[in-house]
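Colleague: Just a sequence and a predicted model for now, questions to come.
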Amino acid sequence: MVNCPSCDAVIDVDQEDLDEGESLTCDECGSTLNVVSLDPLELEVEDEGDEDEDEEDEDDLAYDEDEADDDDEEEEDEEE
């Protein structure tokens, strides 16, 4: 047994059935986990870097929307 590195749930796996580089899915949080080491058994969440990039993209989108709102306000001021 090993704990999910994402949600800390207990994952019941037979270490003898695993190979390094193999992927598992956590039943609790749905994270895809990669077997990094067999002795000791160590898992890591797959694509951790991609999640950060997605968050940055969302921030950029929010910034662009704010910028567009400012443009709309300027146009309204000009019309008055």
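Modeller: Yep, it's here. Residues are numbered from 1 along each chain as shown.
Colleague: Now do the same contact list for residue 47.
Modeller: By C-beta atoms under 8 Å, 6 or more residues apart in numbering, the contact list for residue 47 reads residue 32. Glycine gets a C-beta too; all of them are placed from N, C-alpha and C.
Colleague: Can you give me the distance of it to residue 10?
Modeller: Noted for residue 47: a distance of 23 Å to residue 10, by C-beta to C-beta, to the nearest Å.
Colleague: With residue 27 instead?
Modeller: Remark: distance between residue 27 and residue 10 (C-beta to C-beta) = 10 Å.
Colleague: What residues does residue 20 make contact with?
Modeller: So residue 20 contacts 35-38 (C-beta under 8 Å, 6+ apart).
Colleague: the domain parsing of this structure - what is it?
Modeller: When the chain is parsed into structural domains using automatic domain parsing, the resulting residue ranges are 1-46, 47-80.
Colleague: looking at these, which has the lowest confidence?
Modeller: Ranked by mean pLDDT, the domains of the chain bottom out at domain 47-80, which scores a mean of 56.
Colleague: Out of the contacts of residue 20, grab the one that's most surrounded.
Modeller: Counting neighbours by other C-beta atoms under 10 Å, residue 35 comes out on top of those with 19 neighbours.
Colleague: In terms of helices and strands, where is it?
Modeller: strand 32-38 (DSSP states H and E).
Colleague: leaving aside the residues next to it on the chain, what's closest to residue 46?
Modeller: Setting aside the residues directly before and after it, residue 46 is nearest to residue 32 in space (C-beta to C-beta, 6 or more residues apart in numbering), at 4.2 Å.
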